[in-house]
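Visitor: sequence unknown, structure follows:
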């Protein structure tokens, strides 16, 4: 009788140590979930840093308004009405 009880208890604890709520299989699943959550957190953190950089670049402290105006006029090929524009003759090629 005692050996059967001992074997039953050993089986019960052995099964629970592998398949139970806190068993090895459960721990492996939790590690996978943790790894997936950490990967997702790293991706979200990178996205957050990217947006923080973009927002910081738009603040008045990081952009000099005259430099922004100059760059915008150059890209759009426009001039400020108060600018003095001098047309230069085309340069001759040295062929």
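Guide: Done, it's in. Remember, predicted model here, so these are calculated numbers, not experimental data.
Visitor: mind checking how far stretch 29-42 is from the chain centre?
Guide: From the chain centre to the centre of stretch 29-42 is a distance of 15 Å (Cα atoms, centre = their mean, to the nearest Å).
Visitor: Report the buried residues of that stretch.
Guide: Under the neighbour-count criterion of 16 or more other Cβ atoms under 10 Å, stretch 29-42 has nothing buried. C-beta: built from backbone N, CA, C; applies to glycine.
Visitor: Now the element after the helix ranked longest in the chain, going C-ward?
Guide: Looking across the chain with DSSP state H, the single longest helix is helix 24-58. Past helix 24-58, further along toward the C-terminus, the next helix or strand under DSSP states H and E is helix 65-76.
Visitor: How about residues contacting that next one?
Guide: Where contact means Cβ atoms under 8 Å, 6 or more residues apart in numbering, the residues beyond helix 65-76 that reach it are 78-80.
Visitor: any chance of those residues in a markdown table, with secondary structure and neighbour count too?
Guide: Listed next are the contacts of helix 65-76 as a markdown table, based on DSSP: H, G, I helix; E, B strand; the rest coil; neighbours: other Cβ atoms under 10 Å:
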| residue | secondary structure | neighbour count |
| --- | --- | --- |
| 78 | coil | 10 |
| 79 | coil | 10 |
| 80 | coil | 10 |
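Visitor: Lowest-confidence entry in the residues you listed?
Guide: Lowest pLDDT within the contacts of helix 65-76 is found at residue 80 (77).
Visitor: Give me the nearest residue to that residue, chain neighbours excluded.
Guide: The spatially closest residue to residue 80, leaving aside those adjacent along the chain, is residue 73, at 6.6 Å (Cβ to Cβ, 6 or more residues apart in numbering).
Visitor: Please report how far that neighbour lies from residue 89.
Guide: Remark: distance between residue 73 and residue 89 (Cβ to Cβ, to the nearest Å) = 23 Å.
Visitor: now residue 81
Guide: Applying Cβ to Cβ to residue 81 and residue 89 gives a distance of 24 Å.
Visitor: pull the helix or strand with minimum mean pLDDT from the chain.
Guide: With mean pLDDT, DSSP states H and E as the measure, the helix or strand of the chain carrying the lowest mean pLDDT is helix 65-76 (a mean of 82).
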